[in-house]
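S.K.: Fold the following and give me the result.
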Amino acid sequence: MLVSVLNGLAIGFLLFIVAIGLSLVFGMMDVLNLAHGALFLGGAYLGAAFSGSWGGFLAALGIAAVGGLLAGSVLSLMTGPLRRRSHLDQALLTLGVAFVVAELLVLAFGDDPLSVAAPPALDGSVTVFDAVYPAYRLVLIGVGAVLAVVVYLVVERTRVGAVVRATVADRDMVATIGIDNRLVTTAVFAVGSLLATTAGVLGGPIYGARPGLDATVLILALVVVVIGGLGSVRGALVGSLIIGQVDTLGRVLLPELASFVLFAALALVLVLRPQGLFGGPAAVGAR
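M.R.: Residues are numbered from 1 along each chain as shown. This is a model prediction of the structure:
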């Protein structure tokens with residue numbers, strides 16, 4: 001049971017890295033990006049291509065970060081004309097991009113599942129309260145926790161975060177003080193995409209790299225965003241940890257009903273609090 005709980009934490013923090021980017025782009029910029037899972041998949045394939053050494057792992061992270069920034073900037077430009085239209089139009093565009101990216105990755109890497117080795121020194125196991133547990137997953141828990149604190153502080157406590165929240169609240173007011181709204185939107189989109197691609201590299205040793213992983217991760221991230229509340233850093237963290245535990249423990253205790261348990265948790269939150277645990281009718285920011 002301890003191992004299952006730790007697995008839930010590892011999966012939860014990994015989902016947080018993915019979901020926080022999706023939550024900020026959708027909840028704060030009002031853009032539905034269904035290509036988010038494809039960006040994660042791209043990072044996972046990068047991890048598979050460069051795995052086996054610390055140099056390769058760090059190179060994969062660097063390439064994923066740069067690629068995520070560029071992809072996010074391009075997606076921001078592509079969705080720009082659709083921001084005043086319905087979310088359906090945005091969904092169709094970004095879903096089409098996701099299909100194209102997924103097919104290109106299959107052409108480049110093949111359609112067989114690829115395993116991703118953890119970096120040396122983290123590919124072994126450690127003992128935690130008499131339970132043997134992979135060292136890499138413990139490090140991933142720590143990385144996720146540190147990133148959660150950093151994102152919260154940036155969004156809630158810095159001038160950059162204040163500009164982003166002000167842009168969401170009143171674009172015209174922000175424009176009158178000389179700040180380009182399009183630049184803010186593009187920056188948030190780029191950072192959100194960076195988090196998705198780097199999460200793919202970090203999640204490679206857990207999920208591997210395979211066709212269809214993008215859809216799986218996207219669905220989990222959307223569930224997290226809905227449960228936590230749009231645009232909420234705290235909500236993304238709590239939602240991720242809840243889904244991580246529900247998904248992991250559900251597969252251990254009720255393997256035949258694991259998917260049902262996951263979406264039952266989503267339905268319960270929607271019935272009791274439709275705006276999400278930390279969402280509000282018009283609230284933005286870290287809350």
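S.K.: immediately after the helix or strand bottoming out on mean pLDDT in the chain, which helix or strand?
M.R.: Ranked by mean pLDDT, DSSP states H and E, the weakest helix or strand in the chain is helix 29, scoring a mean of 71. Next helix or strand after helix 29 toward the C-terminus (DSSP states H and E): helix 36-50.
S.K.: any idea which helix or strand comes after that next one?
M.R.: Following helix 36-50 in sequence order, the next helix or strand is helix 54-79 (DSSP H and E).
S.K.: how about that following helix: buried residues?
M.R.: Residues of helix 54-79 classed as buried by neighbour count (16 or more other Cβ atoms under 10 Å): 56-57, 60-61, 63-65, 67-69, 71-72, 75-76, 78-79. For glycine as for every other residue, the C-beta is placed from the backbone atoms N, C-alpha and C.
S.K.: what's the answer for stretch 1-12, then?
M.R.: Going by 16+ other Cβ under 10 Å, stretch 1-12 has these buried residues: 4, 6-12.
S.K.: Same list (those) but as JSON lines, adding pLDDT and secondary structure.
M.R.: Below are the buried residues of stretch 1-12 laid out as JSON lines (pLDDT from 0 to 100; DSSP: H, G, I helix; E, B strand; the rest coil):
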{"residue": "Ser4", "pLDDT": "86", "secondary structure": "helix"}
{"residue": "Leu6", "pLDDT": "90", "secondary structure": "helix"}
{"residue": "Asn7", "pLDDT": "91", "secondary structure": "helix"}
{"residue": "Gly8", "pLDDT": "90", "secondary structure": "helix"}
{"residue": "Leu9", "pLDDT": "92", "secondary structure": "helix"}
{"residue": "Ala10", "pLDDT": "93", "secondary structure": "helix"}
{"residue": "Ile11", "pLDDT": "93", "secondary structure": "helix"}
{"residue": "Gly12", "pLDDT": "93", "secondary structure": "helix"}
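S.K.: What is the most widely separated pair among the residues you listed?
M.R.: Between any two of the buried residues of stretch 1-12, the greatest separation by Cβ to Cβ is 12.2 Å, found for Ser4 and Gly12.
S.K.: quick one: contacts for the closest residue to Asp112 other than its chain neighbours?
M.R.: Closest residue to Asp112 apart from its sequence neighbours, by Cβ to Cβ, 6 or more residues apart in numbering: Arg210 at 7.8 Å. With contact taken as Cβ atoms under 8 Å, 6 or more residues apart in numbering, Arg210 is in contact with 112-114.
S.K.: So, low pLDDT: which residues of the stretch 51-200 of the chain?
M.R.: 168-169 (pLDDT under 70).
S.K.: what about the residue nearest to Leu39 when sequence neighbours are not counted, helix or strand, and which?
M.R.: The shortest distance from Leu39 to any non-neighbouring residue, by Cβ to Cβ, 6+ apart, is to Ala196 (3.9 Å). In the assignment (DSSP H and E), Ala196 maps to helix 181-207.
S.K.: Let me know the angle separating that helix from helix 36-50.
M.R.: 50 degrees (axes from the mean of the first three to the mean of the last three Cα atoms, to 10 degrees).
S.K.: thinking again about what came up before, list buried residues within the contacts of Arg210.
M.R.: Applying 16+ other Cβ under 10 Å to the contacts of Arg210 flags Leu114 as buried.
S.K.: closest to Val226 among the contacts of Arg210?
M.R.: Using Cβ to Cβ, these come closest to Val226 at Pro113, 28.6 Å.
S.K.: quick one, phi/psi of Ala131?
M.R.: Torsion angles at Ala131 (phi, psi; degrees, to the nearest 10) stand at phi -110, psi 140.
S.K.: these two touch, right, it and Leu2?
M.R.: Yes. Between Ala131 and Leu2 there is a contact under Cβ atoms under 8 Å: 4.8 Å.
S.K.: from what I can see Ser4 touches Asp247, true?
M.R.: No. If you go by Cβ under 8 Å, Ser4 and Asp247 don't touch, sitting 10.5 Å apart.
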